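Student: here is a sequence together with a model predicted from it:
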Amino acid sequence: MTEQDFTPKSQTSNVESASVKWESPSNIALVKYWGKRENQIPENPSISFTLSNCKTITELTYTKKEGTDFSFDVIFEGAKNAAFKPKIQTFFERVEGYLPFLRDYHFKIETSNTFPHSSGIASSASGMSALALCLMSVEKDLGSDYSDEFFNKKASFLARLGSGSACRSIEGELVVWGETKSISDSSDLFGVKFTENVHPNFQNYQDAILLVDKGEKQVSSTVGHKLMYGHSFASKRFEQAHENLAELKEVLMNGNQKRFIEIVESEALTLHAMMMTSMPYFILMKPNTLQIINKIWEFRQSTGSNICFTLDAGANVHVLFPKAEQEKVYEFIKSELVAYCQNGHYICDRVGQGAQRLA
C-alpha cells in the first residue's frame, strides 16, 4: 500500500456534533527502533508486545464550526493542558490530507492514562493511537465505509504520524513495524500483526513494569531519534535490528526461551548504548535500573527461571516472564526488586489484544 491509499474518496454525512471514545494500550518493543527518516519512517524494523493494562483512554467530542483554522482543546486527567497542544497541532498538520474534515470541526480531546506519563512506558504510543482511532471513527461516522482491516491499517498509519511507535498499539499480541525481508507483509507506513504460529512458551506473556523513575525524561525520544543522524554506529545498528528480528521470528515459532532472552536483553542494552554514544551523549538509566538488571541476572542464574528484562527510552524496567512463572517471579519482585522502585511502585501487566472502542 502507498500513502495515496489512505486518502478518502468522499464524505456524504454532515454531522453537527457527536463524540467517540477509545482505549488504546502501550506496547513494549522486543527489537527496538531508534532513528527515523522524514515523515516518521523508521530507520530499522521493530517488533513489540502489545500491553493490556497500560493504556490511554480518549474521548473525542467534535462540533461543527466556522473558519478554516484547526480548533481543539486538550484536557488531560481532567485539566486543560496547553503543553500537549503543539504536538497535536503538528499531528493535525501531518494528517489533514488523509482526514479532510479536520478544519470543519472543533475537537475536545479528553484523555487520561492508567500509568505515569513520560516515564518510559510509551505514553505517546498509547496516546496518539487512541486519538488516531477516535479520528478514524469520526471519518466513518461522516460516511466513509471501510472494512475492519483497512480501518486498523489507516489508524496505524495515522498514529505513526503522531508517534512512530504508536502504529504498533492498534492491534495485538505481537506487531511488526518497518519493512524487512523476514516479514513478508511488513511496511514502513503502518504496523502489521505477527501472524506466524507463536510457540506456547511465548503465549500469555507477563510484563511487570518496575517504576524506577516516574518523572519526565531529561531527553525526549524525539530528540534521541534525531541524534542517530551521523551517529558513528548507526548503520551497523540498523543492520543488526534486521538480523535480530529475523532470528526472533524463528525463536517465537520454535520456543527457544534462552535465545529469546539473549536477543531481548541485548536489544534493550543496545538501545541505551546508542544513547550513550550519541553526540551529545546522554544516559536515561538510573543507578536503580542497573541494580534491578543485576538482581534479575542473579535470580535467573540461581533458579533457572526464564525471566528477562527489557527497557524503553527511560529508566523503568519491564520484567518479562511466562505466565507459568507468575507466582515465583512476583514473589521475587516483592522481596528483592521493590526496594529499587520509586515509592515501591510497579505495574502488573501482560500481553494484550490491542485497542477497543468504548463509545
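Tutor: Perfect, I can see it now. Numbering: from 1, shown residues only.
Student: and the helices in the chain?
Tutor: 85-95, 123-141, 148-162, 221-226, 234-254, 257-276, 287-303, 326-332 (DSSP state H).
Student: JSON lines for these, including distance to residue 113, mean pLDDT and mean neighbour count?
Tutor: C-beta coordinates here come from the backbone N, C-alpha and C atoms, glycine included. Formatted as JSON lines, the helices of the chain follow (distance: least, CB to CB, whole Å; pLDDT from 0 to 100; neighbours: other CB atoms under 10 Å):
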{"stretch": "helix 85-95", "distance to residue 113": "15", "mean pLDDT": "97", "mean neighbour count": "16"}
{"stretch": "helix 123-141", "distance to residue 113": "6", "mean pLDDT": "95", "mean neighbour count": "26"}
{"stretch": "helix 148-162", "distance to residue 113": "15", "mean pLDDT": "97", "mean neighbour count": "22"}
{"stretch": "helix 221-226", "distance to residue 113": "16", "mean pLDDT": "93", "mean neighbour count": "16"}
{"stretch": "helix 234-254", "distance to residue 113": "28", "mean pLDDT": "98", "mean neighbour count": "17"}
{"stretch": "helix 257-276", "distance to residue 113": "22", "mean pLDDT": "98", "mean neighbour count": "18"}
{"stretch": "helix 287-303", "distance to residue 113": "21", "mean pLDDT": "98", "mean neighbour count": "16"}
{"stretch": "helix 326-332", "distance to residue 113": "23", "mean pLDDT": "98", "mean neighbour count": "16"}
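Student: would you list those helices in a markdown table and tack on distance to residue 18?
Tutor: Shown next, in a markdown table, are the helices of the chain (distance: least, CB to CB, whole Å):
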| stretch | distance to residue 18 |
| --- | --- |
| helix 85-95 | 19 |
| helix 123-141 | 6 |
| helix 148-162 | 17 |
| helix 221-226 | 32 |
| helix 234-254 | 41 |
| helix 257-276 | 41 |
| helix 287-303 | 45 |
| helix 326-332 | 42 |
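Student: out of those, which comes closest to residue 34?
Tutor: Among these, the nearest to residue 34 by CB to CB is helix 257-276 (5.5 Å).
Student: tell me which of the helices of the chain sits nearest to residue 45.
Tutor: helix 234-254 (5.3 Å).
Student: the inter-axis angle of the closest one versus helix 257-276?
Tutor: When axes from the mean of the first three to the mean of the last three CA atoms, to 10 degrees is applied, the directions of helix 234-254 and helix 257-276 differ by 160 degrees.
Student: so that it lines up with my notes, have the first residue be 31 from now on.
Tutor: Renumbered: residue one is now 31, and that last one reads helix 264-284.
Student: hmm, who's touching helix 264-284?
Tutor: 60-65, 73-77, 204, 206, 210-213, 224, 226-229, 232, 258, 261, 289-290, 293-294, 296-297, 300, 304 (CB atoms under 8 Å, 6 or more residues apart in numbering).
Student: can you tell which of the helices of the chain is closest to residue 345?
Tutor: Per CB to CB, nearest to residue 345 of the helices of the chain: helix 317-333, 5.0 Å.
Student: show me what the closest one is packed against.
Tutor: Contact here means 3 or more CB pairs under 8 Å, 6 or more residues apart in numbering; DSSP states H and E; on that basis helix 317-333 packs against strand 338-341, strand 347-351.
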